[in-house]
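A.B. asks: show me how the following folds:
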Amino acid sequence: METLSLALQTRLAQPLSIGSVTLHSRVLQSPLSGVTDKIFRRLVRRYAPTAMLYTEMVHASGVCYVDTLPQIMEIDPDEHPISIQLFDCRPDFLATAAQRAVAEGADTIDLNMGCPVNKITRKGGGSSLLKDPAMATAIVEAVVKAVPVPVSVKTRIGWDDDHINAVEFARRMEGAGAKMLTLHGRTRAQGYTGAARWGWIARVKAALSIPVIANGDIVSVDAAIQCLEQTGADGVMCSRGTLGYPFLVGEIDYFLKTGQRAPTPTVIDRLLCAQEHLRQIAEYKGYRGICQARKHMTWYVKGFSGAAELRDALCQIESVAEGEAHLQGAIAQLTAQGETPRVWREMPRTDAQSWNPPPVQPNQPL
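C.D. replies: The predicted structure is shown next:
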């Protein structure tokens, strides 16, 4: 198992400052479209009391044209610290949307400049902004001017292997006023294939004075340690490693704070978590939540005998009762085989786990 060097332990023991916001965790939960809704965030928060969480990616123009904000922007009072991530390619729309996000309770505003999905990039958003640094700069400048909270950027190392511009692009984002940059170590052309190239994260970290957060292939405590050692980054952001495993952010956070490994959830723990997820998302979203829960259930169910059959059944559920019956049947079978839950319902507490958002003075009325 990987261990932290003394130098890294010392540096990561300090709080992380994003402009006027101070975080007591160096591990962040990535915004994931169709995943990081209020219910998923609630599960992550249970095991990571002070980690920065992110909403799903929000289309800025959609926010500007409606009187009622979309459900994906809803923030519970106990969710802080939390950031709302926005995407678009128009500075004025993003500035207005950012003001509404702050009014909703966002502690920071994150600008998506890394999404590789075609329906986003063909309209000039997401990672297509890597090809238009001038527009990206104008966006950051407009949003920084519009809101009283720190603004951050999430991006990739470049459009493709022939157009890797991570260092230059990151410098421009810092110069425009971004207070933190999260870098996914893949190009847009890679999508989510191949290995994340952490070496580029190290180059960007060396070039900037603002915090740099490493993203890409952070799927375990050991991977987080390796990435932090190789890149010198100020923290890590967990993405796809949390699908069906909301324990991950807390596991890494706990290790960075204590040098000890948190208890690894058993299969029964994961299935109990899946059951809770199903109940809560159905209560929150109704039948639409049940439909969304199907994909979550398949992510939870893996790595044990009978998992494939259970996944197939959960993909077709039409009610909470049906899903619970499948999950309870699997739990009973595992219990009969000697499997037991660890009976811990939240991450063991560590020091410095209080969240005190700093007072801010708005640059202009919201």
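
A.B. asks: give me the helices and strands touching the helix or strand harbouring residue 308, please.
C.D. replies: Per DSSP states H and E, residue 308 falls inside helix 307-314. Packed against helix 307-314 by the contact rule (3 or more Cβ pairs under 8 Å, 6 or more residues apart in numbering; DSSP states H and E) you find helix 287-300, helix 320-336. The way it works is simple: take the backbone N, C-alpha and C, and place the C-beta from them, glycine included.

A.B. asks: in JSON lines: those, plus mean pLDDT and mean neighbour count.
C.D. replies: Below are the helices and strands packed on helix 307-314 laid out as JSON lines (pLDDT from 0 to 100; neighbours: other Cβ atoms under 10 Å):
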{"stretch": "helix 287-300", "mean pLDDT": "96", "mean neighbour count": "18"}
{"stretch": "helix 320-336", "mean pLDDT": "95", "mean neighbour count": "16"}
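
A.B. asks: distance to residue 97 added to those, as CSV?
C.D. replies: Formatted as CSV, the helices and strands packed on helix 307-314 follow (distance: least, Cβ to Cβ, whole Å):
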stretch, distance to residue 97
helix 287-300, 24
helix 320-336, 34
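
A.B. asks: list of residues touching stretch 1-20?
C.D. replies: 22-26, 108, 149-150, 152, 179-180, 211, 221-222, 225-226, 228-229, 234-235, 256-257, 259, 261, 352, 358, 360 (Cβ atoms under 8 Å, 6 or more residues apart in numbering).

A.B. asks: wait, what's in contact with residue 190?
C.D. replies: Residue 190 is in contact with residue 116, counting by Cβ under 8 Å, 6+ apart.

A.B. asks: typed the wrong thing, it's residue 248
C.D. replies: Contacts of residue 248 (Cβ under 8 Å, 6+ apart): 219, 220, 238, 241, 242.

A.B. asks: same check, this time on residue 36
C.D. replies: 29, 30, 53, 54, 55, 56.

A.B. asks: my read: the first one touches residue 237, true?
C.D. replies: Yes - in this structure, residue 29 sits in contact with residue 237. The criterion is Cβ atoms under 8 Å, and the distance is 7.4 Å.

A.B. asks: could you list the domains of the protein?
C.D. replies: 6-258, 267-336 (automatic domain parsing).

A.B. asks: and for residue 339, the neighbour number?
C.D. replies: Neighbours of residue 339 under the rule other Cβ atoms under 10 Å: 15.
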